[in-house]
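[1] give me the fold of what follows.
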Amino acid sequence: MLIALFLACSTASTPIAVADLPTPIEASAKASLGQAAPDFSLPDVDGTIHTLADHSGKVVVLEWFNPGCPFVKAAYSKDVVQDLAASHATDAVWLRINSGSAGKQGAGADENRRAARKWDMEGPVLLDTSGAVGKAYGAKTTPQIVVIDAQGMVRFNGALDNAPLGASQGEYKPYAGTAIAAVLSGSELTVTKPKPWGCSVKY
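    Numbers count the residues shown, from 1 in each chain. Next up, the predicted model:
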């Protein structure tokens, strides 16, 4: 009976209560460049469970997200993130993760659901209310981008670009976009860990 209940709660298509969730990630897990990305299990805003393993063999982009963060609002109001995600919709999986704890800025299923509608976001927003996944991946700010290649290796972890609030210092550098394109083409990345900017993740 207990085994059947666990299996039912672990399927990607079964909405469950947050209180009933399994541990989102192993306690010892840590994402490092050039190493295997640790698997995780998180609910989306509707309670459906998603795991990184669901997308084995595909390039995966993780975006740390907070709809209340002014830096996120600026990027989304200019369609910077939506356009980047849309440009790779057929060759990469885009997962947004909100690691804010309950009661913090931008946290909660309802607020993230509204943001998804407002900004015409494709793909799920995953809720990491314990912060365990964000901490394992070294997420410090929103937005922050992690790119995982088709072999499951972490290839990039850092800033979206060099234009916080839409203002670049000198020549515009689309760090994340360049990294995604390089990973998809099998090219070497010249920049793998640009310092992320934005609001602090609300652990």
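[2] I'd like the next helix or strand past the helix or strand bottoming out on mean pLDDT in the chain.
    None of the helices or strands of the chain scores lower by mean pLDDT, DSSP states H and E than helix 2-10, at a mean of 36. Using DSSP states H and E, the helix or strand that follows helix 2-10 in sequence is strand 41-43.
[3] that following strand pairs with which strands, parallel or anti?
    Using DSSP bridges, the strands paired with strand 41-43 in its sheet are strand 49-51 (antiparallel).
[4] could I have the helix or strand just after the strand it pairs with exported to CSV, CA atoms only?
    Following strand 49-51 in sequence order, the next helix or strand is strand 59-64 (DSSP H and E). Provided in CSV are the C-alpha atoms of strand 59-64 (Å, rounded to 0.1, in the frame of the first residue of the first chain):
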residue,chain,number,x,y,z
VAL,A,59,19.5,20.1,-23.5
VAL,A,60,17.9,21.6,-20.5
VAL,A,61,17.9,25.3,-19.4
LEU,A,62,17.1,26.1,-15.8
GLU,A,63,16.1,29.7,-15.0
TRP,A,64,15.8,30.9,-11.5
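[5] what mean pLDDT would you report for whatever helix or strand comes next after strand 59-64?
    Of the helices and strands lying after strand 59-64 in sequence (DSSP H and E), the nearest is helix 70-77. Taken as a whole, helix 70-77 carries a mean pLDDT of 97.
[6] with stretch 136-143 instead?
    Stretch 136-143 shows a mean pLDDT of 98.
[7] so where's this structure uncertain?
    Applying pLDDT under 70 to the chain flags the ranges 1-22.
[8] 50 instead?
    Applying pLDDT under 50 to the chain flags residues 1-19.
[9] for Ala109, grab the count of nearby residues.
    By the criterion of other Cβ atoms under 10 Å, Ala109 has 17 neighbours. For glycine as for every other residue, the C-beta is placed from the backbone atoms N, C-alpha and C.
[10] that one - nearest residue in space that isn't next to it in sequence?
    Closest residue in space to Ala109, ignoring its immediate chain neighbours: Val45 at 4.2 Å, by Cβ to Cβ, 6 or more residues apart in numbering.
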